[in-house]
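Colleague: Coordinates for the following, if possible.
(one chain, ligands or ions: 1)
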Amino acid sequence: MKSLEGRVAIVTGAARGTGAAIASRLVELGATVLLGDILHDEGERVAEELGERAIYVPHDVTKRDEWERIVTRAVESAARVDVLVNNAAVLHLGTIEKTPEDVLRRLLEVNTVGPYLGLRAVVPVMREQRAGSIVNVGSVDSLFGMNGITSYCASKWGLRGMSKAAALELGRDGIRVNSVCPAGGNPGMYGPWMSQLAGFMDETRAYTENRAIPGEAPLDRIAEAVCFFASDASLHCTGVDLPVDGGAHAGRFIPGFNTL
Ligand SMILES: NC(=O)c1ccc[n+]([C@@H]2O[C@H](COP(=O)([O-])OP(=O)(O)OC[C@H]3O[C@@H](n4cnc5c(N)ncnc54)[C@H](O)[C@@H]3O)[C@@H](O)[C@H]2O)c1
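Modeller: Residues are numbered from 1 along each chain as shown. Got it, this is the predicted structure:
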């Protein structure tokens, strides 16, 4: 991977899980990273573990003034923002009838409006620099539909569409916008639904095992894909959706057919 020495990155939802893994890899590659989240104790702890080039900034992606604060902090301390990783998101599992309107609105607010506010906050700085890389963390659910998660799919497909349109709008200013679409992340995201999912263990296992590469994507592999887009290794890539999904997007794996 190309070095990110001297680069400044903002990672949202970085107090745990995928966001923390992304922040860690960015720091390892030489970047200074502002970690945002609404989980302040966890965020402070992760930043402390990552060392002096990691700074935790309380940051709710749904609040415009908090976007201004985190971008101002980056500009004040380093006079630039090279990378924005829109990683923060919330999940909801529930059928259409069981998903109240306010839950749908919250998902769209965090998962889609939040990254849009992020674009609005960093684009003026990146335009001035005539360079920047925005990486949106989508999901395999940005590429496919799945029953029982309609509200989450809507928010993630919205983010993916936004990435493509923004890539076209910003390319001539030297700003790239790409999506990383993992099948896997922090199992903690499923916390509130674990007891319900316990009734579907065989189905869940089949979903994750019947892929070219079985199982969920490890966090460090998702982080590596994000860092590819963050770095100059991907200078001619924009508007890309990169699945990190063990080949789930490639089609269906039928176990018995490997012995035909
Ligand atoms: N967990 C999975 O299986 C999975 C699968 C595919 C894609 N993803 C995506 O990966 C990304 C990271 O998720 P994760 O798996 O690490 O789960 P996670 O729940 O550990 O991480 C999400 C982070 O976002 C933060 N967050 C939530 N609302 C916020 C807000 N309003 N402002 C700022 N931060 C907020 C949370 O506090 C948390 O730290 C998300 O975009 C998610 O949709 C996750």
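
Colleague: Close to the ligand: what parts of the stretch 151-260 of the chain are there?
Modeller: Within the stretch 151-260 of the chain, the positions lying close to the ligand (Cβ under 6 Å from any ligand atom) are P182, G184, G185, N186, G188, M189. Using the backbone N, CA and C atoms, a C-beta is placed for each residue, glycine as well.

Colleague: Let's see which of these end up in strands.
Modeller: Among these, the ones falling in strands (DSSP state E) are P182.

Colleague: Excluding chain neighbours, what is closest to C227?
Modeller: Among residues not flanking C227 along the chain, R25 sits closest, at 5.2 Å (Cβ to Cβ, 6 or more residues apart in numbering).

Colleague: For that neighbour, report the pLDDT, please.
Modeller: With respect to pLDDT, R25 scores 98.

Colleague: same for the helix or strand harbouring it, what does it pack against?
Modeller: Assigned by DSSP states H and E, R25 belongs to helix 17-28. In terms of contacts (3 or more Cβ pairs under 8 Å, 6 or more residues apart in numbering; DSSP states H and E), helix 17-28 is packed against strand 8-11, strand 32-37, helix 40-50, strand 83-86, helix 219-230.

Colleague: Contacts only, for the residue nearest to C227.
Modeller: Listed by Cβ atoms under 8 Å, 6 or more residues apart in numbering, the contact set of R25 reads D220, A223, E224, V226, C227.

Colleague: can you tell me which residues contact the second one?
Modeller: Neighbouring residues of A223 by Cβ under 8 Å, 6+ apart: T18, A21, I22, S24, R25.

Colleague: What of the third one?
Modeller: Neighbour list for E224: M1, R25 [criterion: Cβ under 8 Å, 6+ apart].
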